[in-house]
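Novice: sequence isn't available, so here's the structure alone:
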């Protein structure tokens, strides 16, 4: 049995005006053929899929298609998207006949001329392998599910955890869906229900947060005979594309009216959560810094969701930094990072111990924050590379380019050339900075940072700043979504949105 394996993963923030390019994919590791297994065979969803397949049978032939991933950023430019499609087409032709296909996907990825990249690549693969070859895939639970995705894939398994600690397990669940299809000789049916709602990510936590009980129900459903996968996709909200909204899915071996009832009940319970999910306490920068300083104990960890690099924001916001620099004293100091390649170059030119006097930040998204003058010194120069284990993936190589640690008074800033995981303390630790020792530490993440920082944070505060991942919806200019869409519009019941209210099957 021959199984083709590929990956196309990026979470796109369409409000980030900076395009994703071919160089971005190269930086994060392009791979084709056997290289995909040799270098990334134990990484995230691919690792989970391969491990489960090896448990199943020892006569499998695994063939690599292509791996394209890069960190969340703006829409993929049209020329890069064309090259991605051409690469997959070439590899599919080269590998010839296969018995199944697995694709590790995100589900909220857009190109300049294609708002549904995930649906498009699944459609391309389906046309290449034919209607009878099983196609299975993995998705982030912030995927924006479209009919095109479901019509071209047999099984899609989404994360059940936020923070995303189950990437490997999700790949394994996708493999289990394929195994069930093959051994039971079935072509499954997927029930889907779209909801006209988006919600901010701060309360998407699935362990103790408002959606937790719903995800436990999904896990219970997947233990029932005849159920392949169950999903609740809370949608990447900074994704100004058609069909944006929450989606409930259930993939089963056979049609059964009871499955319609199950999906409708889950959807109703999701809808009931919408107000609770929006009850988030966020603080303006000056107020936040004051509360952090008054707090007894450290570190106070600050979630800067509006500039979350994990949500496709540039990571160059200066609002919190400006509030830090205004203070005469911050006990144990403040620690943050900025994505600013020009400032990194200036720091490298100054050298360790050299004076650093430059404008930093605000370069990628000046509409949200301005560059700020930083007078200080260079403490350390480095290449920011490490392996990510935890929220988002396991065993994922991280490449954020060159870095520089600069210091001014009680404020320390890690400057990096490229965006990367703003949710993990490993970023600072790689630069020789222990966030446990600081008074205030910024994590550029709305919720996922709790997975690692929650273990040692004395207190957690959430910032209210402008940015292209801001949960302040009136600040965001949605042009392409279907409406009505709550909370952008007043919607009392899903049936008021005729574009998504009916249950469907694929």
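Specialist: Received it, and whenever you're ready, just let me know what you need. This is a predicted model, so every value here is computed, not measured.
Novice: could you report the neighbour count for residue 186?
Specialist: Neighbours of residue 186 under the rule other C-beta atoms under 10 Å: 16. For glycine as for every other residue, the C-beta is placed from the backbone atoms N, C-alpha and C.
Novice: so the nearest residue to it once chain neighbours are set aside versus residue 365, what's the distance?
Specialist: Distance criterion C-beta to C-beta, 6 or more residues apart in numbering; nearest residue to residue 186, sequence neighbours excluded, is residue 253 at 4.6 Å. Distance of residue 253 to residue 365, given as C-beta to C-beta, to the nearest Å: 47 Å.
Novice: the more surrounded of the two?
Specialist: Neighbours around residue 253 and residue 365, counted as other C-beta under 10 Å, are more numerous at residue 365. The numbers are 22 against 17.
Novice: pretty sure that one sits against residue 466.
Specialist: No. Using C-beta atoms under 8 Å, residue 365 is not in contact with residue 466; the gap is 9.0 Å.
Novice: can you list residues touching both of these two?
Specialist: Common neighbours of residue 365 and residue 466, using C-beta atoms under 8 Å, 6 or more residues apart in numbering, are residue 317.
Novice: mind checking the end-to-end distance for stretch 296-307?
Specialist: Stretch 296-307 has its terminal residues 27 Å apart, counting by C-alpha to C-alpha, to the nearest Å.
Novice: got the buried residues for it?
Specialist: For stretch 296-307, a neighbour-count test (16 or more other C-beta atoms under 10 Å) marks 298-307 as buried.
Novice: try stretch 380-393
Specialist: 380-381, 384, 386, 388, 390-393.
Novice: assumed residue 302 was part of a strand.
Specialist: Yes. Secondary structure of residue 302 (DSSP: H, G, I helix; E, B strand; the rest coil): part of a strand.
Novice: quick one: the strands in the stretch 151-300 of the chain?
Specialist: Remark: strands assigned in the stretch 151-300 of the chain by DSSP state E, counting those that start in this stretch are 155-158, 189-195, 227-233, 246-252, 300-303.
Novice: each with direction, which strands does the fourth one pair with?
Specialist: Within its sheet, and counting by DSSP bridges, strand 246-252 is paired with strand 189-195 (antiparallel), strand 227-233 (antiparallel).
Novice: what's the average pLDDT for that strand?
Specialist: Mean pLDDT, computed over strand 246-252, is 98.
Novice: can you tell me the closest non-neighbouring residue to residue 115?
Specialist: Distances taken as C-beta to C-beta, 6+ apart place residue 241 nearest to residue 115, at 3.8 Å, with adjacent residues excluded.
Novice: residue 110 is in contact with that neighbour, correct?
Specialist: Yes. If you go by C-beta under 8 Å, residue 241 and residue 110 touch, sitting 5.7 Å apart.
Novice: comparing these two, which residue is more hemmed in?
Specialist: Neighbours around residue 241 and residue 110, counted as other C-beta under 10 Å, are more numerous at residue 110. The numbers are 27 against 23.
Novice: how far away is that one from residue 14?
Specialist: Per C-beta to C-beta, residue 110 is found 6 Å from residue 14.
Novice: okay, and the common contacts of those two?
Specialist: 75, 239, 241.
Novice: can I get those in a markdown table including pLDDT and distance to residue 89?
Specialist: Shown next, in a markdown table, are the shared contacts of residue 110 and residue 14 (pLDDT from 0 to 100; distance: C-beta to C-beta, whole Å):
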| residue | pLDDT | distance to residue 89 |
| --- | --- | --- |
| 75 | 98 | 21 |
| 239 | 98 | 26 |
| 241 | 98 | 24 |
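Novice: which parts of stretch 454-464 are buried?
Specialist: Buried-residue list, stretch 454-464, by 16+ other C-beta under 10 Å: 457, 461-464.
Novice: now do it: distance from first to last residue.
Specialist: Length of stretch 454-464, first residue to last, C-alpha to C-alpha: 20 Å.
Novice: mind listing the residues bridging to residue 441?
Specialist: residue 301, residue 335.
Novice: roughly how far does it sit from residue 139?
Specialist: 31 Å.
Novice: equivalent analysis for residue 382, please.
Specialist: Relative to residue 139, residue 382 is positioned 34 Å away (C-beta to C-beta).
Novice: likewise residue 498?
Specialist: Remark: distance between residue 498 and residue 139 (C-beta to C-beta) = 26 Å.
Novice: who has more neighbours, those two?
Specialist: Just comparing residue 498 and residue 139: by other C-beta under 10 Å the higher neighbour count belongs to residue 139, 29 against 11.
Novice: was I right about residue 227 contacting residue 252?
Specialist: Yes. Because the distance of 5.6 Å satisfies C-beta under 8 Å, residue 227 is recorded as touching residue 252.
Novice: more neighbours: which of these two?
Specialist: In terms of neighbours (other C-beta under 10 Å), residue 252 is the more surrounded of residue 227 and residue 252; the figures are 23 against 20.
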